[in-house]
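Trainee: Here's my sequence, what's the structure:
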Amino acid sequence: MPGFLGYIGNNPSFTFCSEERKQLVQSSIKGPTYRIERRTINKFLQDKIFVDAQDFIVITEGVILNRLELMKEYGEISFFDCVVNLYRKLGDTFFNRFRGSFSGLLYDKQLDKWLIYTDHTGDKQVFYSPLEDGLLFGTEMRFMVETLKANHLPITLNKTGAYLVLTHGFTMEDHTLVTEVKRLAPGHYLRYDISGLQEIQYHLFSNRPKQMTVEEAVEGIDCLFRQAVKRQFEKDREYGYKHITTLSGGLDSRMTVWVAHQLGYTEQLNTTFSQSNYLDFTIAQQIATDLKHEFLFKALDHGNFIKNLDDITPLTYGNANFFGLAHGKSLYDLINFEPFGIMHTGMIGDAIVGTFFRTPEYKTEVKIGQGAYSLQLIERLNDYRFKYAYENEEIFCLYTRAFTGANEGMVGYQERTEAISPFCDVDFLEFCYSIPLLLRYNHKVYFDWIFRKYPGAAEYVWEKIKAKIQPVQNKEFKYMHLLGRRVPAITDKRFPTWLKGSILRRLGLRKKGEKPKTLTIPGKDNMNPVDYWYNENVELREFMNIYWEENKHYVPDNLLLKDMENLFNNGVVYDKLQILSTLSAIKLIYQ
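Mentor: As a prediction, the model looks like this:
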């Protein structure tokens, strides 16, 4: 994504890749042993420091929603002075006070110390490459790969990253598809000084519960969500921008739109995309109409946007399945974003007010494959070793499936503006994950919040269940011991399902732990019915098959090529999309 590109080292001939996007704001800072270029979108520039002063270089990228609050708290009229003040008082992790979607750096010239950081959820990506003579860093994979190429430095395919994408749909931890390029993990920063390069964690989310009642949980959710929404929409007003949001048939974007409206931000453009006449369209249209908002819809019929594969890949370099960006990009490419501010989304809300857990129990086991879209090639990752520690399965899924997976979808917006979800606000997320799991499970407290605070939002169908939401009463699971094993108790509602599965396993009709291998979307009645499009649209089917045949020679590893070919020929349509996403990235890397 646009932002900045930097090199620290002693090579005077080191060169950066060219920049063809003339609409970006560009400037540079140079010193005896460093060079930094700014390549940012022409929006929210008061939030974006790019200053080379006597003692410090300070760069901030993105939007810092509490910028004015911090300036007032520290008695500064300049944001640069405020950041320096924060650094002097709080030390290396001064940016932990920032709220919003941001990345940046600070260079302390007196100490010859560089601090390069991403935000708490990593949605403003930072990449880096340790070099023999220094360090290359930047906010866009294209910056990194093309600069390595320009300096005739090695570039090799990261096969682990490729198998992560082919199974999970995204890379995770510090992996990219290029071995020489690392991704800075959410809540981490780089410190580069005389001692060398260190990657340091400055923030870690936890889901350790605190005792609280439903009423306390609802009040906490509402207070912090309203604060997060207000900060986002006030940033639009600060710059004189119009409000633009996503809106679908789900609950998350609905609550962003609804609460913003209740807070007085009533002039909104709500946008959606889906198969024609599907619930994501009809529900969103009804909400926008009832709230008297402007509404913009793009039909995804026939799936022709999938043909834009090679236009999407340069945004991600294969770090996530291109499909997660392609449908939205097909709409947002048609919009003039000049008058609009932040793209307000509901990203990841379901897993924050709700939970990634499938049962109301904290499962401490963390293993590769959790949260994967396809398990067909998961055995290729049997030797994967996690770089970071995860408290339990939910925290693992938060940092992988949510932060480095779903958040990759933000990259499509960030080409034109900034994009934020109030559900990802640090204070809101931390509070939600402190709510006891029995309240979060099965959307109980989510529904309670809506019913008690915004009952009008409950009057519309929820696309996920194709019905209106109803109050939920969760009960703790009950167990008994049978032949030394813990199994659901006879009085537990799960007992009949367990008993049926046990009988089938005894008869050899089902393997222990067997689950569907791959996500399938067979019917037309869906937001993105990829199987239907593939079967109905002959031109799309031919495009996908021809693309594979014409480009598979780019895959440099025989085993990987064999696995990809087998999965492409025998897998479901979503498998094929993940194959083509990876293939397009490999092609881009080696071209």
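
Trainee: Low-confidence regions, the stretch 401-550 of the chain specifically.
Mentor: 474-479, 483, 487, 491-495, 498, 504-528 (pLDDT under 70).

Trainee: Where do the strands of it begin and end?
Mentor: Taking DSSP state E, counting those that start in this stretch, the strands of the stretch 401-550 of the chain run over residues 419-420, 479-482, 485-488.

Trainee: who does the shortest one pair up with?
Mentor: Based on DSSP bridges, the strands next to strand 419-420 in the sheet, each with its direction, are strand 340-344 (parallel).

Trainee: Please enumerate residues in contact with the next helix or strand after the strand it pairs with?
Mentor: Note on strand 340-344: by DSSP states H and E, the next helix or strand toward the C-terminus is helix 349-353. For helix 349-353, the external contacting residues (Cβ atoms under 8 Å, 6 or more residues apart in numbering) are 221, 250-253, 255-256, 397-398, 401-402, 421, 423-424, 428-429, 432-433, 440, 443, 445-446, 449. Backbone N, C-alpha and C define where each C-beta goes, glycine included.

Trainee: Please export the C-alpha coordinates of helix 349-353 as CSV.
Mentor: Output of helix 349-353 as CSV, limited to C-alpha atoms (Å, rounded to 0.1, in the frame of the first residue of the first chain):
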residue,chain,number,x,y,z
GLY,A,349,-16.7,-7.5,14.2
ASP,A,350,-18.3,-11.0,14.4
ALA,A,351,-15.2,-12.5,15.8
ILE,A,352,-14.6,-9.7,18.3
VAL,A,353,-18.0,-9.1,19.9
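
Trainee: Over the helix or strand just after that helix, what's the mean pLDDT, rounded is fine.
Mentor: Going down the chain from helix 349-353, the next helix or strand is helix 393-397, by DSSP H and E. Helix 393-397 shows a mean pLDDT of 94.

Trainee: Stretch 107-127 too?
Mentor: 97.

Trainee: Buried residues, it. List them.
Mentor: For stretch 107-127, burial by neighbour count (16 or more other Cβ atoms under 10 Å) applies to 107-108, 114-127.

Trainee: cool, stretch 187-200 as well?
Mentor: 187-192, 199.

Trainee: Likewise for stretch 379-393?
Mentor: In stretch 379-393, residues buried by neighbour count (16+ other Cβ under 10 Å) are 380-381, 384, 388, 390-393.

Trainee: which among these gets closest to Y34?
Mentor: Nearest to Y34, judged by Cβ to Cβ, of these is Y388 at 28.8 Å.

Trainee: What values do phi and psi take at the closest one?
Mentor: The phi and psi values for Y388, taken as degrees, to the nearest 10, are phi -110, psi 160.

Trainee: Equivalent analysis for the one 3 residues further on, please.
Mentor: Here the main-chain torsion angles of E391 (degrees, to the nearest 10) amount to phi -60, psi -40.

Trainee: residues contacting it?
Mentor: Per Cβ under 8 Å, 6+ apart, neighbours of E391: 206-208, 364.

Trainee: how about 6 Å then?
Mentor: By Cβ atoms under 6 Å, 6 or more residues apart in numbering, the contact set of E391 is empty.

Trainee: Then the one 3 residues further on?
Mentor: Contacts of E394 were listed using Cβ under 6 Å, 6+ apart, and they are 207, 356-357.

Trainee: What of L70?
Mentor: Contacts of L70 by Cβ under 6 Å, 6+ apart are C82.

Trainee: What helix or strand is it located in?
Mentor: helix 67-73.

Trainee: Quick one: distance of stretch 427-446 to the chain centre.
Mentor: 20 Å (Cα atoms, centre = their mean, to the nearest Å).

Trainee: Same question for stretch 116-127.
Mentor: The answer for stretch 116-127 is 11 Å, by Cα atoms, centre = their mean.

Trainee: From the rest of the structure, what touches that stretch?
Mentor: Under Cβ under 6 Å, 6+ apart, the answer for stretch 116-127 is 62, 95, 101-103, 105, 137-139, 144, 181, 183-184, 186-187, 189-190, 203, 403, 407, 410, 424, 426.

Trainee: And stretch 171-180, by the same measure?
Mentor: Counting by Cβ under 6 Å, 6+ apart, 129, 145, 155-156, 158, 161, 164, 182-183, 185, 318-319, 387, 400, 404, 585 sit against stretch 171-180.

Trainee: Give me the buried entries from those residues.
Mentor: 129, 145, 155, 158, 161, 164, 182-183, 185, 318-319, 400, 404, 585.

Trainee: Report the two of those separated the most.
Mentor: Pairwise distances across these peak at 24.8 Å for I155 and T400 (criterion: Cβ to Cβ).

Trainee: so what's I579 scoring on pLDDT?
Mentor: So, for I579, pLDDT stands at 95.

Trainee: show me what contacts it?
Mentor: Applying Cβ under 6 Å, 6+ apart to I579 gives the contacts 564, 567-568.

Trainee: For it, I want the exact helix or strand it lies within.
Mentor: helix 573-590.

Trainee: That helix: which residues count as buried?
Mentor: Residues of helix 573-590 classed as buried by neighbour count (16+ other Cβ under 10 Å): 573-589.

Trainee: what do you get for stretch 279-297?
Mentor: 279-285, 287-288, 291, 293, 295-297.

Trainee: same deal with stretch 87-98?
Mentor: By neighbour count on 16+ other Cβ under 10 Å, the buried set for stretch 87-98 is 87, 92-98.

Trainee: Now for those: which two are most distant?
Mentor: Top of the distance list for the buried residues of stretch 87-98 (Cβ to Cβ): D92 and F98, 13.7 Å.

Trainee: give the contact list for the residue lying closest to K444 once chain neighbours are set aside.
Mentor: Excluding the flanking residues, the one nearest K444 by Cβ to Cβ, 6 or more residues apart in numbering is V472, at 4.2 Å. The neighbourhood of V472, defined by Cβ under 6 Å, 6+ apart, consists of 442, 444, 447.

Trainee: Look at E37 and give its secondary structure.
Mentor: strand (DSSP: H, G, I helix; E, B strand; the rest coil).

Trainee: how about E294, phi and psi?
Mentor: When read as degrees, to the nearest 10, the backbone of E294 gives phi -70, psi 150.

Trainee: didn't it look like it was pressed against L269?
Mentor: Yes. Look at E294 against L269 with Cβ atoms under 6 Å: they come within range, at 4.5 Å.

Trainee: Using JSON lines, lay out the contacts of E394 together with neighbour count, distance to N551 and pLDDT.
Mentor: As requested, the contacts of E394 are exported to JSON lines (neighbours: other Cβ atoms under 10 Å; distance: Cβ to Cβ, whole Å; pLDDT from 0 to 100):
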{"residue": "N207", "neighbour count": "22", "distance to N551": "42", "pLDDT": "96"}
{"residue": "F356", "neighbour count": "21", "distance to N551": "35", "pLDDT": "86"}
{"residue": "F357", "neighbour count": "19", "distance to N551": "40", "pLDDT": "83"}
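
Trainee: one step back: if I look at the residue nearest to K444, how far off is I465?
Mentor: Distance from V472 to I465, counting by Cβ to Cβ, to the nearest Å: 12 Å.

Trainee: With adjacent residues omitted, what lies nearest to the spatially most central residue of the chain?
Mentor: The centroid of the chain falls nearest to N407 when counting by Cα atoms, centre = their mean (0.9 Å). Nearest non-adjacent residue to N407, counting by Cβ to Cβ, 6+ apart: D123, 4.5 Å away.

Trainee: part of a helix, is F273?
Mentor: No. Assessed with three-state DSSP, F273 is strand; it does not lie in a helix.
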